[in-house]
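Colleague: pasting the structure only:
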């Protein structure tokens, strides 16, 4: 379902994919080539959500906000299945692993990998090029050039998937 909420309007690029069971509500902007998969929710009711270009929000992931706490997701970023992304900023070319939780005010730099099941606590700042694991999430090491390329490849692959298999 795609729905405006009173004065909060959705803005979805025409070159994108919103699955039939995904919900996009309120002040949500979705960029070119991006996708929202089955059961995913982006609810911009108390503030805005911006999802960049060629970013995918996978099945059953939730993107939400808080009062005066928007959510901004960069380009070529993957939000994995069942992840919760709440009132935070995520850079370009990131992978947010399945079942991860990113809380209000967290800032994740470019080229980061947040491992499956990780918890990024409120207000945490994750430097660019970091691999984060655990609950609470801790930087374990710098990501390699190969990992950075793989994250971008996966985002591009999801764009190809919806274009070739779901239209």
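Modeller: Received the coordinates, thanks. Here the structure is a predicted model, which is why all the values come from computation and not from measurement.
Colleague: strand partners of the helix or strand hosting residue 43, parallel vs antiparallel please.
Modeller: Using DSSP states H and E, residue 43 sits within strand 41-51. Using DSSP bridges, the strands paired with strand 41-51 are strand 23-30 (parallel), strand 62-64 (parallel), strand 71-73 (parallel).
Colleague: Just list the residues touching residue 69, thanks.
Modeller: With contacts defined as CB atoms under 8 Å, 6 or more residues apart in numbering, the neighbours of residue 69 are 46, 47, 87, 104, 105. Where you see a C-beta, it was placed from the backbone N, CA and C, and this is true even at glycine.
Colleague: Check for me that the fourth one belongs to a strand.
Modeller: No - counting by DSSP: H, G, I helix; E, B strand; the rest coil, residue 104 is not found in a strand; it is coil.
Colleague: okay, now it: neighbour count?
Modeller: 15 (other CB atoms under 10 Å).
Colleague: Contact partners for the residue nearest to it when sequence neighbours are not counted?
Modeller: Among residues not flanking residue 104 along the chain, residue 87 sits closest, at 3.8 Å (CB to CB, 6 or more residues apart in numbering). Contact analysis of residue 87 by CB under 8 Å, 6+ apart lists 47, 64, 65, 66, 69, 70, 71, 103, 104, 105.
Colleague: can you rerun that using 10 Å?
Modeller: 46-47, 49, 63-72, 102-106, 122 (CB atoms under 10 Å, 6 or more residues apart in numbering).
Colleague: repeat for residue 123
Modeller: Counted by CB under 10 Å, 6+ apart, residue 123 has contacts 88, 103, 104, 105, 106, 107.
Colleague: And the fifth one, how far from residue 72?
Modeller: Residue 106 sits 11 Å away from residue 72 when distances are taken as CB to CB, to the nearest Å.
Colleague: Next: residue 95.
Modeller: Taken as CB to CB, the span from residue 95 to residue 72 is 17 Å.
Colleague: Compare these two and say which one has the larger neighbour count.
Modeller: residue 95 (27 against 17).
Colleague: What about the more buried one? Give its phi and psi, please.
Modeller: phi -120, psi 120 (degrees, to the nearest 10).
Colleague: just checking, next helix/strand downstream of the helix-or-strand element of the chain with minimal mean pLDDT?
Modeller: Ranked by mean pLDDT, DSSP states H and E, the helix or strand of the chain with the weakest confidence is strand 2-3, at a mean of 87. With elements assigned by DSSP H and E, the helix or strand that comes after strand 2-3 is strand 11-12.
Colleague: centre of the chain versus that next one, how much separation?
Modeller: From the chain centre to the centre of strand 11-12 is a distance of 15 Å (CA atoms, centre = their mean, to the nearest Å).
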